[in-house]
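In: coords please:
(2 chains)
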Amino acid sequence: MRRREILKGPAAALLGCVMAGAQRASAQPRTLPVIGYLGSETPERVASRLAAFRTGLADTGLVEGRDVAIAYRWADGRYEQLPALAKELVGHGIAVLVAPGGAPVVLAARAATETIPIVFEMGGDPVVLGLVDDLARPRGNLTGVSSLSVEVSNKRLEFMKELFPTADILAVAINPTSPTVGSQLVGLRTAADSLGVRLHLLEASREDVFEALFTEPRRLGIPGLVFTSDPFFAYRSEYLAMLAIRYGLPAITQSRDFPIAGGLMSYGGDFAQSHRQAGVYVGRVLKGEPPGDLPVQLVTRVELFANMKAASRLGMTVPPSILSSADGVIE
Amino acid sequence: MGPRKDAAMARFPIPLRNSLFRQYFLALFAAVAVPLLAAGGSQAWFGYRDQRARLDDLLGAEARTAAARIAHFIEQIGDQLAWMVQLSWTEAADERRRIDGLRLLRQVPAVTSLRLIDGASRERLSVSRTGLNRVESHADASADPPVLGARTKRAWFSPVTFHRNSEPYMTMALAGNRIAAGVAVAEINLKLILDVIAGIRVGETGRAFVLDGPGRLIAHPDISLVLRGSEDRTGENLQMLRAAIVAQGGGAVTGLDLAGRTVVAAMASISGPDWSVIVHQPVAEAFAPIYAAFWRLLGLLLAGTGFAAALAYWLANRMTGPIRLLEEGAASIGAGRFDHRIEIAREDELGRLAASFNQMAREVSVSQERSERIDRLKRFLAPQIAELVDRTGDDSVLDGHRVEVVVVFGDLRGFTPFSARSEPAAIMGVLGDYHAAIGAIVNRHNATLVSLAGDGVMILVNAPLACPEPALRAARMVIEMQATVQTLAATWRARGHALGFGIGLAMGPATVGRIGSDSRLDYTAIGTVTNLASRLCASAQDGQILVDSTAAEAIGSGVPLLSLGTRHLKGFDDPIAVFAVAIGRDADARSAPDEAPCTTLG
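Out: Residues are numbered from 1 along each chain as shown, chains lettered A, B, ... in the order given. Have a look, this model is predicted:
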């Protein structure tokens, strides 16, 4: 009897906590802060990145639907619609605007508001793009995460050259509408000079011209295709992989989705890490930290993926230097 | 001043400040509370010191563990670099080392680029995560500080630099055992210490951070603080924390963390890169066990003190309560309330004292009753008898008896006309003289003056005190009485008052005892003998003493008697034989020194 009495206390306290939690959960939906999520593509294409973002939010203790609401807007690949979508989100009383997936998105977000905090996730250099003054002290309503994808397009050229040490020309796919294309080309040209290759530039900013990216090198006898870093390409990795298989052209892109879908190789920043970090920053901004106090983070992890099946299908051997440094080898 | 207040003053005549209760209370309370508080206080103090010392030790150990983990991060890189400088360089291009270099980048995420320098200080390999790799560039590296540093100290660490003023980087160089093995130079992104530092927990919320030699923050669980770069000022109080620890000689100190919370901090150093690893824990958390112990102790002390106070109050009350009752009891009895009793149901000395007190009260009450009764008896007993009764404390002599008694009646002749025509003062003067004379004689003869009503008196002999030869004693008394009153009567007659005195004396059995109630009590004799004496008195002439035959027989020859024959007396059917005491020749009767004393009736 006495023991039961003793047990009653903690049990009642526990029950009280649970009840209080339940009450809080049921009382809060009206006052949940809203995150505006500006998506450049479709929910299906960004599913893995969105999951990483939510993980980051959860790292700060926030769960969608319980602590925060997220208002999504999807441009479905039509990046010219992004500014309008951003304005729409800003008009909906959001607490923070998330601009993931590249420079076009964050530029559209910045054009929409100068007061609502913006957390970006992109591959370019935010200082070069004029988004922030200083990585350490962003000093505006923007902060976020920059992956290394853009900076390492020269490394992609280097890997391709390593696959074809004797090649004197390699194809490079660029998106002429990308805000970072200029800086990437500067880096690529410098690298090409060091590596002793010429570059054949191929432009594509729409899906319907993707085929030409593969048919053109085949036609010209160029052994390999190097994709510059661009979210438009990255989000269409499966399609690019399918084309690469169809036309039997060795290619390297920024996203691991490409070798996973049957492409040969990828080298680029770990988007899971960058999106997760963006989620953490959104959580911290929601908890009251001014974005100007949050330094822009550079993603540390750059990953190399190679698909051995694709290599054997292309009739080539991947050199040990690449195999030994690959983070993921798909057999 | 009301009666209530009087009562209160009588009950508490001593101010509380001086009261026994207060003295007892303070003494008992102090006896328990002082040792308790002293023990508790010293326990709290020593407990605090022990806990504090243990906390310092614990934090020191945590700091050393944290430092070891950070150092391990660096050593791991050093181990990897050591692999790269195990073999001597040859002039030929070394594909094997290129692959090893690429593998090292994969193996150690913190290394962003690696350069290998041969024995001749030429760069043979450079691999990078972001820049282009270089093979066999043969660029001269002999003047590079990392190469020079590694050649002299084997392992060399550059100062921490902040890439783009945000990300902390450090260059580490390691030379092989032989010069020909060359030097490996790695650029390390210190941001990756985050994985290590974020995993360090001190207690619940205590964390660790790393400062480099100049005091810049290079590792913190919140990476954004590190990324604010070298120009940020938020790290200043962390530097102050370190300065405080150094000033204190390395022990744990209390200071402020970045959030402005008060923390306890301890430090350990990493020798290679000259960094300081500082662990800190919020004071509230670190001292929580101390506070918990303190509050527990305080609670116990309060409970103990409260208990001591309650105990002291109870004991003091137990001690002084009965004393107060006794005091009140004494006051009550002093005020004449002898029925007052003290209720102290205890077996100890106080209980015994109360019992004695109650016994005393009972006895005082009894003796008071008795003395009151005796006071009442004294009104009709001769002083000697009264004293006797008083002395023996027993008035049972006054209880009803049937006894052979001598009854004497006497009254003044001619008093009624005298009182009718005289002034009250004269009447009272006569009666005063008369009563004084009668009273003195009755007392002298140990007789009992039963009634003194105006000019008539009734006197008993042999009751309530038994005397030897009561009749003779009575005869002698009446002779003296007659003589004395006749002497008085001569002076009255001289003043013109025609007064005389006649006496009747009879002897016989009668019931003697107290009659009446408590408020009006008389002692008398009931029986024929009383009537007879009264009738004889009425029948006697002035100066005459009439005696009945029973008394005359008892007197015998002790006093000369004359037989007057028989007389018809009112209330008696038969004629009564009457004798008269022969007065005038009574000088011998007057002195009766051999009279035996009377004694109480059995």
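
In: which residues of chain A fall in strands?
Out: Ranges of strands in chain A, per DSSP state E, are A:34-39, A:69-74, A:96-100, A:118-122, A:142-146, A:169-174, A:198-203, A:225-227, A:251-253, A:265-269, A:297-298, A:302-307, A:328-330.

In: Between those, which one is closest to chain B.
Out: Each of the strands of chain A has some distance to chain B by C-beta to the nearest C-beta; the shortest is strand A:302-307, at 5.2 Å. Any C-beta I mention is one placed from the backbone N, CA and C, and that applies to glycine too.

In: which parts of chain B sit against chain A?
Out: B:95, B:98-99, B:102-103, B:105-106, B:109, B:129-133, B:162, B:164-167, B:189, B:191-192, B:223-224, B:227-229, B:231-232 (C-beta under 8 Å from any C-beta of the partner chain).

In: Leaving out the residues flanking it, which one is nearest to residue B:60?
Out: Leaving aside its chain neighbours, residue B:60 sits nearest to residue B:266 (4.8 Å; criterion: C-beta to C-beta, 6 or more residues apart in numbering or on different chains).

In: Past the helix or strand the one you found falls within, which element shows up next along the chain?
Out: In the assignment (DSSP states H and E), residue B:266 maps to strand B:262-270. Moving toward the C-terminus from strand B:262-270, the next helix or strand (DSSP H and E) is strand B:275-282.

In: Pull the distance from that next one to the chain's centre.
Out: 56 Å (C-alpha atoms, centre = their mean, to the nearest Å).

In: Please compute how far the following helix or strand past that strand lies from its chain's middle.
Out: Where DSSP H and E defines the elements, the next helix or strand beyond strand B:275-282 is helix B:283-286. When C-alpha coordinates are averaged (C-alpha atoms, centre = their mean), helix B:283-286 and its chain have centres 42 Å apart.

In: Flag every buried residue along helix B:283-286.
Out: B:283, B:285-286 (16 or more other C-beta atoms under 10 Å in any protein chain shown).

In: do stretch B:239-253 as well
Out: Quick answer for stretch B:239-253 (16+ other C-beta under 10 Å): B:239, B:241-242, B:244-245, B:252-253.

In: Now that we have the strands of chain A, can you turn them into CSV and tack on mean neighbour count?
Out: Listed next are these as CSV, based on neighbours: other C-beta atoms under 10 Å in any protein chain shown:
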stretch, mean neighbour count
strand A:34-39, 24
strand A:69-74, 16
strand A:96-100, 28
strand A:118-122, 31
strand A:142-146, 27
strand A:169-174, 24
strand A:198-203, 16
strand A:225-227, 29
strand A:251-253, 29
strand A:265-269, 29
strand A:297-298, 24
strand A:302-307, 23
strand A:328-330, 16
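
In: could I get those strands as CSV with mean pLDDT?
Out: Formatted as CSV, these follow (pLDDT from 0 to 100):
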stretch, mean pLDDT
strand A:34-39, 94
strand A:69-74, 93
strand A:96-100, 94
strand A:118-122, 93
strand A:142-146, 92
strand A:169-174, 96
strand A:198-203, 96
strand A:225-227, 96
strand A:251-253, 96
strand A:265-269, 93
strand A:297-298, 88
strand A:302-307, 93
strand A:328-330, 90
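
In: Could you look up the SS state of the residue of the stretch 351-500 of chain B found nearest chain A?
Out: Taking C-beta to the nearest C-beta as the measure, the stretch 351-500 of chain B has residue B:351 as its residue closest to chain A, at 40.1 Å. Of the three states, residue B:351 takes helix under DSSP: H, G, I helix; E, B strand; the rest coil.

In: How about the contacts made by it?
Out: B:322, B:344-345 (C-beta atoms under 8 Å, 6 or more residues apart in numbering or on different chains).

In: I'd assumed residue B:428 was in a helix, is it?
Out: Yes: membership of residue B:428 in a helix is supported by three-state DSSP.

In: Please report the number of neighbouring residues for it.
Out: 11 (other C-beta atoms under 10 Å in any protein chain shown).

In: Which positions in the stretch 1-150 of chain A make contact with chain B?
Out: Counting by C-beta under 8 Å from any C-beta, the stretch 1-150 of chain A sits next to chain B at A:127, A:134-137, A:148.

In: how about a cut-off of 10 Å?
Out: A:125, A:127, A:134-137, A:143, A:148 (C-beta under 10 Å from any C-beta of the partner chain).

In: Now do the contacts for residue 230.
Out: Since you didn't name a chain, this refers to chain A. Residues in contact with residue A:230 (C-beta atoms under 10 Å, 6 or more residues apart in numbering or on different chains) are A:102-104, A:123-124, A:149-150, A:153, A:173-175, A:177-181, A:184, A:204-205, A:236, A:253-254.

In: ah, I was thinking of chain B
Out: With C-beta under 10 Å, 6+ apart, residue B:230 has these contacts: A:136, B:160-162, B:165-166, B:168, B:212, B:214-218.

In: mind listing the helices in the stretch 251-400 of chain B by residue range?
Out: B:283-286, B:288-334, B:349-377, B:383-392 (DSSP state H, counting those that start in this stretch).

In: before we move on, back to that, out of the strands of chain A, flag the one nearest residue B:566.
Out: Nearest to residue B:566 among the strands of chain A is strand A:69-74; the distance by C-beta to C-beta comes to 148.6 Å.

In: quick one: the closest one to strand A:34-39, angle?
Out: 20 degrees (axes from the mean of the first three to the mean of the last three C-alpha atoms, to 10 degrees).

In: In PDB, list the C-alpha atoms belonging to strand A:69-74.
Out: Extracted in PDB, the C-alpha atoms of strand A:69-74 (Å, rounded to 0.1, in the frame of the first residue of the first chain):
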ATOM      1  CA  ALA A  69       4.600  25.100 -40.200                       C
ATOM      2  CA  ILE A  70       6.300  25.200 -43.600                       C
ATOM      3  CA  ALA A  71       4.700  27.000 -46.600                       C
ATOM      4  CA  TYR A  72       6.100  25.500 -49.800                       C
ATOM      5  CA  ARG A  73       6.200  27.100 -53.300                       C
ATOM      6  CA  TRP A  74       7.500  25.100 -56.200                       C
END
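
In: hang on, the earlier thing: just give me the closest of the buried residues of helix B:283-286 to chain A.
Out: Within the buried residues of helix B:283-286, the smallest distance to chain A is 19.4 Å, found for residue B:285 (C-beta to the nearest C-beta).

In: ok, now which ones touch whichever residue of the stretch 1-150 of chain A sits closest to chain B?
Out: Closest residue of the stretch 1-150 of chain A to chain B, C-beta to the nearest C-beta: residue A:136 (3.7 Å). Contacts for residue A:136 were tallied using C-beta under 10 Å, 6+ apart; they are A:295-296, B:162, B:164-167, B:224, B:226-232.

In: Thanks again, I'm all set now.
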